[in-house]
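Q: Predicted model and sequence below, questions to follow.
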Amino acid sequence: MLGFGILALTPLWETERPIILASWFEATRLRREEGWHELSEWEALRAFDCMDGWAAMRLRSFVSEADLSSFPLSEVDDYELVDIVREAIQSHRAFALRKGDGPAAAPSPTTLRRHLVREIEAKTRGRLSYSGRQYKLVVDVDLDGLSDREYHEVVRRDDAKNVLDGLAADPAMPIELLAKASADLTKDWRKPFSQPDGIILLRRNPPSRKVATNDEPAITPSQMRALLEKGDPKREKGPLWVRIDVTPEHAQQMGTLFVLTSSDQSIAITQTAKDDMVAGNETVDLLYEDLWKDLSYSLRIDDGPGASDFLFDTVPYAALVSLAGSEEDTDTTDDGADSEEPEAVRSVGLAGLDLFLDDGEDT
């Protein structure tokens with residue numbers, strides 16, 4: 001009996017060995033329990049291209065059941081469904097199977113690793129986050145074909161085991177699956193003398209920043225300080241609240257630094273978990289004051305040598321204000337008067353953090 005997330009490519013009543021297309025979950029079950037055999041990628045694409053009319057009519061339902069598209073299917077045309085399924089076959093998110101005689105042959109190590117990686121991605125919704133960094137698992141033969149390979153670096157085997165073991169310490173994570181991945185990590189390799197043979201852990205790096213060229217003479221820190229001290233009646237300052245999704249205990253244990261710098265390098269404010277303004281909650285809430293509103297700002301989180309990442313990079317103060325909310329949008333009491341204590345007007349998610357803007361005035 002065929003289940004959810006399966007598309008019959010050939011009529012089941014017209015052949016003794018029908019061919020079906022299945023999601024990775026159903027494909028795993030059918031191989032183990034009912035003796036179905038997996039076809040090669042070339043055979044799978046050929047069978048899909050030759051599917052009958054009944055299969056074509058069920059194509060949209062199959063894409064939905066197998067969760068092959070991140071877009072609402074109501075916005076996807078019929079011809080686009082074919083491209084979605086072909087891409088899923090090529091990226092090993094959908095599998096073609098043929099009913100075999102007797103038990104299925106044991107799957108190859110590569111197939112098992114791909115299924116393990118897919119299962120971990122499904123359980124974690126593709127989010128492997130540890131110590132403020134994002135990670136991704138990939139099988140050795142799939143590394144070079146990764147679409148965003150330029151944004152990832154390979155993690156050495158010993159460090160990769162530490163990351164996976166650290167993730168497995170969280171009860172909300174798939175502990176058994178992470179343990180299997182940790183045990184099957186590839187040894188460190190160096191091309192062309194050796195090749196990877198196992199599961200690889202990748203760490204995501206932020207895109208490299210492009211530095212604009214400027215032929216004008218550079219201003220010295222003393223000149224900048226003199227300009228700031230002289231003042232400009234048109235320039236204004238304001239505060240910025242930043243809520244970071246990390247527990248104060250973890251940030252204090254790691255000795256994490258939260259460094260806010262301005263685009264002209266005239267402002268550099270470093271804070272730690274000791275500067276947390278809201279005690280007892282599960283986030284680190286920091287207040288940065290006296291920020292020039294006509295500058296852009298970057299916030300870097302630093303966990304030690306070689307472990308830093310930008311939460312936002314060269315964002316204008318006005319953009320931060322628009323994300324956090326209007327300065328004039330302050331809370332009021334029932335009679336219309338200003339409340340005794342200023343409140344953050346609203347929060348907006350940005351790259352794993354929330355931004356708040358205080359009105360900055362005492363009532």
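A: Received it, and whenever you're ready, just let me know what you need. Numbering: from 1, shown residues only.

Q: Can you get me the start-to-end distance on stretch 288-301?
A: Start-to-end span of stretch 288-301 (CA to CA, to the nearest Å) is 15 Å.

Q: Likewise for stretch 149-156?
A: Start and end residues of stretch 149-156 are separated by 16 Å (CA to CA).

Q: So E121: helix, strand or coil?
A: For E121, the assignment made with DSSP: H, G, I helix; E, B strand; the rest coil gives helix.

Q: what's near enough to touch the residue nearest to it when sequence neighbours are not counted?
A: Residue nearest to E121 in three dimensions, not counting chain neighbours: L137, with 7.5 Å by CB to CB, 6 or more residues apart in numbering. C-beta: built from backbone N, CA, C; applies to glycine. Applying CB atoms under 8 Å, 6 or more residues apart in numbering, one finds that L137 lies in contact with 117, 120-121, 128, 181, 199-202.

Q: can you check L128 too?
A: Residues near L128 by CB under 8 Å, 6+ apart: 120, 134-137, 167.

Q: follow-up on the earlier one: out of the contacts of L137, give me the two with the largest separation.
A: Within the contacts of L137, two members stand farthest from each other by CB to CB: E121 and I200, at 14.1 Å.

Q: Counting neighbours, go ahead and name the busier of those two.
A: Neighbour comparison, E121 and I200: the larger count goes to I200, with 24 against 17 (by other CB atoms under 10 Å).

Q: Identify the spatial nearest neighbour of the more buried one, chain neighbours not counted.
A: V138 (5.2 Å).

Q: got the CA positions of stretch 261-278 in PDB?
A: The C-alpha coordinates for stretch 261-278 follow below in PDB (Å, rounded to 0.1, in the frame of the first residue of the first chain):
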ATOM      1  CA  THR A 261      31.500  50.900  15.600                       C
ATOM      2  CA  SER A 262      30.500  53.900  13.400                       C
ATOM      3  CA  SER A 263      31.300  54.100   9.700                       C
ATOM      4  CA  ASP A 264      33.800  56.900  10.200                       C
ATOM      5  CA  GLN A 265      35.500  55.000  13.200                       C
ATOM      6  CA  SER A 266      34.800  58.000  15.500                       C
ATOM      7  CA  ILE A 267      32.600  55.800  17.700                       C
ATOM      8  CA  ALA A 268      33.600  52.400  19.100                       C
ATOM      9  CA  ILE A 269      31.600  51.000  22.000                       C
ATOM     10  CA  THR A 270      32.400  47.600  23.500                       C
ATOM     11  CA  GLN A 271      30.000  45.900  25.900                       C
ATOM     12  CA  THR A 272      29.700  42.500  27.500                       C
ATOM     13  CA  ALA A 273      27.000  40.500  29.200                       C
ATOM     14  CA  LYS A 274      27.700  42.500  32.400                       C
ATOM     15  CA  ASP A 275      26.100  45.500  30.600                       C
ATOM     16  CA  ASP A 276      22.800  43.600  30.200                       C
ATOM     17  CA  MET A 277      20.000  46.100  30.900                       C
ATOM     18  CA  VAL A 278      17.200  43.600  31.500                       C
END
